[in-house]
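S.K.: Make a model of this:
(2 chains)
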There are 2 protein chains.
Amino acid sequence: MRKERGLLIVLSGPSGVGKGTVRKELFSQPDTNYEYSVSMTTRQPRVGEVDGVDYFFKSREEFEALIESGGLLEHAEFVGNYYGTPLEYVNETLDAGRDVFLEIEVQGAAQIREKAPDALFIFLAPPSFSELQNRLVNRGTESEEIIQQRIATAREELEMMSLYDYVVENDEIQKACEKINAIIMAEHCRRERVEKLYLSMLRGE
Amino acid sequence: MRKERGLLIVLSGPSGVGKGTVRKELFSQPDTNYEYSVSMTTRQPRVGEVDGVDYFFKSREEFEALIESGGLLEHAEFVGNYYGTPLEYVNETLDAGRDVFLEIEVQGAAQIREKAPDALFIFLAPPSFSELQNRLVNRGTESEEIIQQRIATAREELEMMSLYDYVVENDEIQKACEKINAIIMAEHCRRERVEKLYLSMLRGE
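M.R.: Model (predicted):
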C-alpha cells in the first residue's frame, strides 16, 4: 500500500520579519509533528551555535561540490557566504511520509517554487497590513511622507507575496504559529489529497 | 474603506455521518467566531425544539412563497417536508464581514456550489477511510462480501466528495472540530484574500 508522501512546507518573507523566531517557537511546541530541515552554510558558527542544529557548517569547497552535484534544493549567496538546503534529507523525510519545514529567504523560496510547485508556500508578513490601515484612517495625524513610505512598502510586499499560497501576519508570535499550524492541518484535509489516497487504496496500491 | 466580506462555510456529507453532532460541538466552543445559519423547515417541531434556534418552523404556504420569491439559498424536500436556507440572513451576515456556517444535506450543498462558487465546502466523511485500509490489509480475516461492500461505499463517497474543497473524517468529534476550525483559519490566510484586501486599501476603498 502506498504511503502518503509528506508535505514540503516553505516559510519565508522579507528579511527582518521574524522568520527565525517564529520557526523556533513552532519547534519548541511539543505537538509539532513536522521535521525541520537544517540549512547549510559556509559562514562561521556564532557563539553558541551547534553544527547540525542551527546549521550544517561547511567549507566553501564542500558547498560548491554540492551545488555542482545537484545536492541542494535551493541556495543563495549573501555577503560572501553560501546558504542552502540539502536535498537528500528533504527527499528522504518526505518519502517516509513526514512533513518537512523549511525557513528560508525569499530568493530560495522562488527556486523551490520552480522545482517543487506542489510545496506549501507561506509568506510571513510584517504587521504592516493593520499598520497601513491605521495610517490611511488617521491621515490627518501622520506626515504625507510616512504615509507614502508605508504605501510603498505595502506595494513591495504585495509583489513579493504573489508566489505564495498563504500570508500570515507576524503581529503576534503565538497567533502566527497558530495560523501556520492551521494551514498545515488544513492542507492535509484538501480534497485532492484525500481523493488521491482513496483512489490508490482502491487500486490496491 | 471596504470591509472584507465574510466567508460562507458549508459543512455537508452523507446522511448519518454526524454533521449535526459536529456542528453542535463547534457552536458550544466559546471561541467559535462564525455565525450559524438556522435552517427553515415545514416539518413539525419535535419536543424541546425551539423556533429560531433549531429551525425556523414555517407553513408550507410560507415556504413555497419564499421559494417563489427567490428567498432561499438552497432548498430540498425530504419525506414530504421542505428544508432550506434563508438567503437574507446569510447575505446580511456576510456583508457585515462575519463568516456564516451552514450544516446541510449534499443536495443543498450542490445548489450552493452553483450559486456561490467562492464558498468553502467541507465534506464530513465517515471513518471509512481508515476502515477501508484495515479491510484491505486484513483481507484474510474478512468475508469477500464485506470487503466489496466497503469498497462500493468508498467509491460512492469518493464521487460525492468531488465537489468539495476539503474532506474531514469524523473518526473523533473533537479532532474533526479542530480540523474544521483549522480549515476556516487557513482560508482567511489565503494569499488571494489578503492580496485583495491590500489592493483595495491601497486604492483607498
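
S.K.: from here on, contacts and neighbour counts on C-alpha atoms
M.R.: Will do.

S.K.: how many neighbours does the closest residue in space to A:Gly20 that isn't next to it in sequence have?
M.R.: Distance criterion Cα to Cα, 6 or more residues apart in numbering or on different chains; nearest residue to A:Gly20, sequence neighbours excluded, is A:Glu103 at 7.2 Å. When neighbours are defined as other Cα atoms under 10 Å in any protein chain shown, A:Glu103 has 22 of them.

S.K.: Equivalent analysis for A:Leu197, please.
M.R.: 18.

S.K.: do the same with A:Asp99
M.R.: A:Asp99: 20 neighbours (other Cα under 10 Å).

S.K.: got the contact list for it?
M.R.: A:Gly6, A:Leu7, A:Leu8, A:Ile9, A:Asn33, A:Tyr34, A:Glu35, A:Thr93 (Cα atoms under 8 Å, 6 or more residues apart in numbering or on different chains).

S.K.: go on, A:Met40?
M.R.: Per Cα under 8 Å, 6+ apart, neighbours of A:Met40: A:Tyr55, A:Phe56, A:Phe57, A:Lys58, A:Tyr82, A:Tyr83, A:Gly84, A:Thr85, A:Pro86.

S.K.: quick one, phi/psi of the residue nearest to A:Gly20?
M.R.: Torsion angles at A:Glu103 (phi, psi; degrees, to the nearest 10) stand at phi -120, psi 110.

S.K.: if I read this right, it contacts A:Gly13, doesn't it?
M.R.: No. A:Glu103 lies out of contact with A:Gly13 (Cα atoms under 8 Å); the separation is 9.2 Å.

S.K.: Quickly list what's touching both of those two.
M.R.: A:Lys19.

S.K.: Show the subsequent helix or strand relative to the helix or strand of chain A at the bottom of the mean pLDDT ranking.
M.R.: The least trusted helix or strand in chain A, going by mean pLDDT, DSSP states H and E, turns out to be helix A:128-137, with a mean of 61. Counting by DSSP states H and E, the next helix or strand C-terminal to helix A:128-137 is helix A:144-160.

S.K.: Could you check that following helix against chain B for contacts?
M.R.: Yes. Using Cα under 8 Å from any Cα of the partner chain, helix A:144-160 reaches chain B at A:Ile151, A:Ala154, A:Leu158.

S.K.: Stretch A:167-176 too?
M.R.: Yes. Judged by Cα under 8 Å from any Cα, stretch A:167-176 and chain B are in contact via A:Val167, A:Val168.

S.K.: Please tell me how far that stretch is from the chain's geometric centre.
M.R.: For stretch A:167-176, the separation from the chain centroid amounts to 14 Å (computed by Cα atoms, centre = their mean, to the nearest Å).

S.K.: Stretch A:15-34 too?
M.R.: 10 Å.

S.K.: before we move on, back to that, where is pLDDT lowest across the contacts of A:Asp99?
M.R.: Least confident of those in the model: A:Asn33, at 91.

S.K.: Look up the closest residue to A:Arg98, ignoring the ones flanking it.
M.R.: Counting by Cα to Cα, 6+ apart, the residue nearest A:Arg98 is A:Gly6, at 4.4 Å.

S.K.: Touching, that neighbour and A:Ala96? I think so.
M.R.: Yes. Here A:Gly6 reaches A:Ala96: they are 7.2 Å apart, a contact under Cα under 8 Å.

S.K.: So which of those two has more stuff around it?
M.R.: A:Gly6 (20 against 12).

S.K.: which one of the contacts of A:Asp99 has the most neighbours?
M.R.: In terms of neighbour count, A:Leu8 stands highest of those at 25 neighbours, by other Cα under 10 Å.

S.K.: check contacts around that one.
M.R.: Here A:Leu8 is in contact with A:Leu94, A:Asp99, A:Val100, A:Phe101, A:Leu102, A:Asp118, A:Ala119, A:Leu120 (criterion: Cα under 8 Å, 6+ apart).

S.K.: Restricted to strands, list the residues you listed.
M.R.: When DSSP state E defines the strands, the subset of the contacts of A:Leu8 inside them is A:Val100, A:Phe101, A:Leu102, A:Leu120.

S.K.: The first one and chain B, how far apart?
M.R.: Right, A:Val100. Applying Cα to the nearest Cα, to the nearest Å, the value for A:Val100 to chain B is 19 Å.

S.K.: For that residue, list the residues it contacts.
M.R.: Counting by Cα under 8 Å, 6+ apart, A:Val100 makes contact with A:Gly6, A:Leu7, A:Leu8, A:Ile9, A:Tyr34, A:Glu35, A:Tyr36, A:Ser37, A:Val90, A:Thr93, A:Leu94.

S.K.: Swap in 10 Å and give it another go.
M.R.: By Cα atoms under 10 Å, 6 or more residues apart in numbering or on different chains, the contact list for A:Val100 reads A:6-10, A:33-37, A:89-94, A:119.

S.K.: nearest residue to A:Val168 other than its sequence neighbours?
M.R.: A:Leu124 (5.0 Å).

S.K.: what stretches of chain A score poorly on pLDDT?
M.R.: By pLDDT under 70, the weakly predicted segments of chain A are A:1-3, A:128-142, A:204-205.

S.K.: same thing but 50
M.R.: Residue ranges of chain A with pLDDT under 50: A:1.

S.K.: Please enumerate the strands of it.
M.R.: A:8-12, A:35-36, A:40-41, A:56-57, A:72-78, A:81-86, A:100-103, A:120-125, A:166-169.

S.K.: okay, those strands in a markdown table with distance to B:His75 next?
M.R.: A markdown table is the format used below for these (distance: least, Cα to Cα, whole Å):
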| stretch | distance to B:His75 |
| --- | --- |
| strand A:8-12 | 40 |
| strand A:35-36 | 46 |
| strand A:40-41 | 58 |
| strand A:56-57 | 60 |
| strand A:72-78 | 51 |
| strand A:81-86 | 53 |
| strand A:100-103 | 44 |
| strand A:120-125 | 37 |
| strand A:166-169 | 34 |
